[in-house]
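Asker: All I have is the shape, not the residue letters:
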């Protein structure tokens, strides 16, 4: 008898399958998109960061089932690939990862300025050599492939990644201070760091430009961030989830950045509420049973009781 194929989202992330999403786009293809396409397209984020709740606005969005959850938590390969998605979206938002926290990073301000200046000079050169053209949102023509339908009373607890952004507030384009250059972790080697290595999400060289896109009171990217935090946590990337949340809190507290309190509330819920409770309050019963079964896990040979409890904590 032929073995049952794994769920499509597992095939999408598994390099042995390298399956495409419902539109035939593979993970490798999406991760190579330019920032403009990541911003304008609205039906890929559910594939990069699936949820157990699914999406009521995108019926083709994959859903985390118990089979999917266990596949990711048991496979270094799947988690490593998920972290590649995380690293790409971090860069989209202007962040990077480091072995040192942002406030204690070593080096000089001049190096950070040089990196940003080089980035801006490159952008200026590219702009002068080509005519500016609007980015076409090809996803909008497809029915039920993006979250375009406005919903009355919608909130950040259920990520509607393409809801209209509130652009009436100033962004953080000219108000952030440049951090000292930290010890960046090359993206090729940062997918799964050794447990002994510190892991921090900090502002990257492209922060000034990237932050203009989402550092405002309300923005559809805030909903995406809620999704990302919850997806990372459910699928077993707790360290990455915690580091990202810590960076978001630091940005939220910045005196010259005005992210809405509601967005911060849902980010906190995505990270701190019991795993089976979504930020909008929806409860996933199978996930609750799974967590409870983990909390009753017996101590394995060579494992202390404290280690077993820590392993059961999600």
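Answerer: Sure thing, it's come through. Just so it is clear, the model here is predicted, and its values are computed rather than measured.

Asker: show me where the stretch 151-300 of the chain has helices.
Answerer: 207-211, 220-234, 238-252, 261-272, 285-295 (DSSP state H, counting those that start in this stretch).

Asker: what's the closest of those to residue 65?
Answerer: helix 285-295 (7.7 Å; C-beta to C-beta). Using the backbone N, CA and C atoms, a C-beta is placed for each residue, glycine as well.

Asker: on that earlier part again, wait, which of the helices of the stretch 151-300 of the chain is closest to residue 45?
Answerer: Here helix 220-234 is closest among the helices of the stretch 151-300 of the chain (C-beta to C-beta), at 5.4 Å.

Asker: Give me the helices and strands touching the closest one, please.
Answerer: helix 45-48, helix 76-93, helix 238-252, helix 261-272 (3 or more C-beta pairs under 8 Å, 6 or more residues apart in numbering; DSSP states H and E).

Asker: tell me what the shortest one is packed against?
Answerer: Read it as helix 45-48. Against helix 45-48 (3+ C-beta pairs under 8 Å, 6+ apart) you get helix 27-31, helix 220-234.

Asker: Just say which of those is most tucked in.
Answerer: Mean neighbour counts were taken over the helices and strands packed on helix 45-48 using mean count of other C-beta atoms under 10 Å, and the top value, a mean of 25, falls to helix 220-234.

Asker: ok, back up a step: make a markdown table out of the helices of the stretch 151-300 of the chain and add mean pLDDT and distance to residue 80.
Answerer: Listed next are those as a markdown table, based on pLDDT from 0 to 100; distance: least, C-beta to C-beta, whole Å:
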| stretch | mean pLDDT | distance to residue 80 |
| --- | --- | --- |
| helix 207-211 | 97 | 24 |
| helix 220-234 | 98 | 13 |
| helix 238-252 | 98 | 11 |
| helix 261-272 | 98 | 22 |
| helix 285-295 | 95 | 22 |
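
Asker: Deepest-packed of the ones you listed, please.
Answerer: In terms of average neighbour count - mean count of other C-beta under 10 Å - the standout among those is helix 220-234, at a mean of 25.

Asker: which stretches of the stretch 101-250 of the chain have low pLDDT?
Answerer: For the stretch 101-250 of the chain, applying pLDDT under 70 flags the ranges 104-196.

Asker: coming back round to it: which one, of the helices and strands packed on helix 220-234, ends up nearest to residue 294?
Answerer: Per C-beta to C-beta, nearest to residue 294 of the helices and strands packed on helix 220-234: helix 238-252, 13.1 Å.

Asker: wait, isn't residue 79 in contact with residue 72?
Answerer: Yes: in this structure, residue 79 is within contact of residue 72 by C-beta atoms under 8 Å, at 5.9 Å.

Asker: which residues are in contact with both of the two?
Answerer: The contact sets of residue 79 and residue 72 overlap at 235-236 (C-beta atoms under 8 Å, 6 or more residues apart in numbering).

Asker: follow-up on the earlier one: could you say which one of the helices of the stretch 151-300 of the chain comes nearest to residue 19?
Answerer: From those, taking C-beta to C-beta, the stretch that ends up closest is helix 220-234, at 18.3 Å.

Asker: now that closest one and helix 76-93, what's the angle there?
Answerer: Here helix 220-234 points in a direction 160 degrees away from that of helix 76-93 (axes from the mean of the first three to the mean of the last three C-alpha atoms, to 10 degrees).

Asker: what angle do helix 220-234 and helix 238-252 make?
Answerer: Using the same axes, to 10 degrees: helix 220-234 against helix 238-252 is 150 degrees.

Asker: what's the angle between helix 220-234 and helix 261-272?
Answerer: Per the same axes, to 10 degrees, the angle that helix 220-234 makes with helix 261-272 is 10 degrees.

Asker: Can you add distance to residue 20 and give the helices and strands packed on helix 45-48 back as a markdown table?
Answerer: Listed next are these as a markdown table, based on distance: least, C-beta to C-beta, whole Å:
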| stretch | distance to residue 20 |
| --- | --- |
| helix 27-31 | 8 |
| helix 220-234 | 19 |
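
Asker: The ones you listed: which one's closest to residue 86?
Answerer: Going by C-beta to C-beta, the one of the helices and strands packed on helix 45-48 nearest residue 86 is helix 220-234, 6.5 Å.

Asker: That closest one to helix 285-295, inter-axis angle?
Answerer: Going by the same axes, to 10 degrees, helix 220-234 makes 40 degrees with helix 285-295.

Asker: Skipping adjacent residues, who's closest to residue 73 in space?
Answerer: residue 236 (4.2 Å; C-beta to C-beta, 6 or more residues apart in numbering).

Asker: tally of neighbours for the one you found?
Answerer: 19 (other C-beta atoms under 10 Å).

Asker: pretty sure it is touching residue 79, no?
Answerer: Yes: contact criterion C-beta under 8 Å: residue 236 and residue 79 qualify, at 5.8 Å.

Asker: what touches both of these two?
Answerer: Taking C-beta under 8 Å, 6+ apart as the contact definition, residue 236 and residue 79 share the neighbouring residues 72-73.

Asker: Good, we can wrap up now.
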